[in-house]
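K.L.:
I would like the atomic coordinates for the input below:
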Amino acid sequence: MTVRAGREFLAIPGPTTMPDEVLQAMHRPALDIYSNEMVELTHGLLADLSKLFRTKGHSYIYIANGHGAWEATLSNVLSRGDKLLVLESGRFAIGWGMAAKAMGADVEVLKGDWRRAIRPAEVEARLRQDKDHKIKAVVAVQVDTASGAYNDIEAIGKAIKASGHPALFMVDTVASLGCMPFEMDAWGIDVAMSGSQKGLMTPPGLGFVAANDRAREVHKKADLRTPYWDWTERDGSEHYRKYAGTAPVHLLFALRKAIDMLHAEGLENAFLRHSLLAEAVRRAVAVWAEGQVLGFNIAEANERSNTVTTVTVNGHDPAALQRYCKEKCGVVLGTGIGDLSGQAFRIAHMGHVNAPMVLGTLGVIEVALNALDIPHGKGGTEAAIEYLGENVSA
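P.N.:
All right, here's what the predicted structure looks like:
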C-alpha cells in the first residue's frame, strides 16, 4: 500500500525542482546561433550573472556541471606546481582540491571538521605562516551540501586581507547563489563559480565563473590554461567563442526564464524565503532530535545553511527512512555522502521551493518515522507550522 501518485517530489540538494515555466521555456525550436537574438541572449545572461555574483568583473558560461566550473577556475589562474590552500568544511572544497592536484597543483588542506564551518582565525594564522607567499590561491565553499555547513565568506575574506597575503580567494557558490547573500567584490573574492541546477532552478549542464581584474592579471601568466576553459579565448570578439563552440541554446532559454523569475520575486525576497523555510526545517529537526536518534550534523546553529539540512541518524538505517519516503509517499530525500555515508539523510530547501513543499516533505518524514518506529520527539511538523505562522505576517 502506498500514498504516492503523480509527480515525484525532489527534496535533494541538486538537481532541484524546476519550475514549470523553466521547463516550458525550453520547449521551442533552436534559434540561429549567429543571430542578434543569440548575441543579446548571451550578453543579457552574462550581465545578470555578474549581478548575481555582485561583481563588476567578467562572467563566463560553460557547458559543464560544477566540477567543470572548478576546472575552469583552476586552469585559468594556476601554473603547474602552484600551491593551493583548501579550507575544509565537508566534502566539496576537498573535491575542488583533488581536481587541482590531478591538474598538477601542490595542494594543502587546512584541516577542518565535517561538523563545523571554517574558522577564519585559522585561515589568517596559516597565511601569516607563509612568509614566502608560496600559497597562490585559497578555495572555500559558501555552503557544503554534504555536511550542511554554511561558511562566513565575508569573515574569511577579511581574515585573508588581515594576513596581508596576496593569495587569490576563490569561492564555490553552487549551493548558495540566488538563495542567500553573496557579495563577490565587497567580500574580497577574486574568483567565484556556480552551477545551474540548484538555486538557479535550471537543468544541470551549465557552469558559471566570475573573475575580477586581479584574477585576470594572474591569468595572463597561468600555464594550466587549455583552449576550452580559457578566459582569453572566451573574451574574443566572435560570439561563437563565448561557448568555445555551439551554444547550449535550450539550457540558456531555461536559465533566462529562471533568472527572470528571481528578478520578479526580488533577490532580497528570495533570500528571506530561503531563510524562513530553512528555519522551519530546523524547528522540525530540533523537535525530532528529542528522541535521541536524529540530530543536526552541524553542531552550531549559526553555521547551518539555509539551503540544505544534514540530519544524522544514530542506531537506525537512514536508507530505510529514505526508501519509505520515496516508495510509499513520493518524496526523495538526499542521502548522506562522504564521511556521512550510511549515517545521515539530507533535506534540501533551495531554489524553487515554498511552504507547501517544505511542510509536505517534513510531514512525510514524520510519517516515515512513525511507520518505521524510529524514536523521535513528537510534533516536529507542527513546530515548523507554528514558526511560519509566527514569522510570515498576514
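
K.L.:
can you give me the helices for the stretch 151-300 of the chain?
P.N.:
Per DSSP state H, counting those that start in this stretch, the stretch 151-300 of the chain carries helices over the ranges 153-163, 213-219, 231-234, 249-265, 267-288.

K.L.:
would TSV of those with mean neighbour count and mean pLDDT be doable?
P.N.:
Heads up, the C-betas are built off the backbone N, CA and C, glycines and all. Shown next, in TSV, are the helices of the stretch 151-300 of the chain (neighbours: other Cβ atoms under 10 Å; pLDDT from 0 to 100):
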stretch	mean neighbour count	mean pLDDT
helix 153-163	20	98
helix 213-219	17	98
helix 231-234	17	97
helix 249-265	19	98
helix 267-288	20	98
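
K.L.:
and those as a markdown table, adding distance to S341?
P.N.:
Compiled in a markdown table, the helices of the stretch 151-300 of the chain are given as follows (distance: least, Cβ to Cβ, whole Å):
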| stretch | distance to S341 |
| --- | --- |
| helix 153-163 | 27 |
| helix 213-219 | 35 |
| helix 231-234 | 36 |
| helix 249-265 | 31 |
| helix 267-288 | 20 |
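
K.L.:
and these: which comes nearest R7?
P.N.:
R7 lies closest, by Cβ to Cβ, to one member of the helices of the stretch 151-300 of the chain: helix 249-265, at 18.1 Å.

K.L.:
could I get the buried residue list for stretch 310-329?
P.N.:
T310, V311, T312, V313, P318, L321, Q322, Y324, C325, K326, K328, C329 (16 or more other Cβ atoms under 10 Å).

K.L.:
do the same with stretch 24-36
P.N.:
Buried positions in stretch 24-36, judged by neighbour count with 16+ other Cβ under 10 Å: A25, M26, I33.

K.L.:
in contact with the second one, which residues?
P.N.:
For M26, the contact set (Cβ atoms under 8 Å, 6 or more residues apart in numbering) comprises P203, H250, L251, F253, A254.

K.L.:
now for this protein, the helix or strand with the poorest mean pLDDT.
P.N.:
Here the helix or strand of the chain ranked lowest by mean pLDDT, DSSP states H and E is strand 9-11, holding a mean of 95.

K.L.:
pull the distance from stretch 295-307 to the chain's centre.
P.N.:
Put simply, stretch 295-307 sits 15 Å off its chain's centre (Cα atoms, centre = their mean, to the nearest Å).

K.L.:
report the buried residues of it.
P.N.:
The neighbour-count check on stretch 295-307 (16+ other Cβ under 10 Å) flags G295, F296, N297, I298, E303, R304, S305, N306, T307 as buried.

K.L.:
looking at the contacts of M26, which is nearest W231?
P.N.:
Closest to W231, out of all of the contacts of M26 and judged by Cβ to Cβ, is L251, at 20.6 Å.

K.L.:
can you name the helix or strand that T309 falls in?
P.N.:
If you go by DSSP states H and E, T309 is part of strand 308-313.

K.L.:
what do you get for G315?
P.N.:
Here G315 is assigned to no helix or strand, by DSSP H and E.

K.L.:
from L294, how far out is it?
P.N.:
From G315 over to L294 the distance is 10 Å, taken as Cβ to Cβ, to the nearest Å.

K.L.:
so what sits against both of those two?
P.N.:
Taking Cβ under 8 Å, 6+ apart as the contact criterion, no residue touches both G315 and L294.

K.L.:
and the residue nearest the centre of the chain, how far from F92?
P.N.:
Centroid-nearest residue in the chain: A175, 1.3 Å away (criterion: Cα atoms, centre = their mean). Noted for A175: a distance of 8 Å to F92, by Cβ to Cβ.
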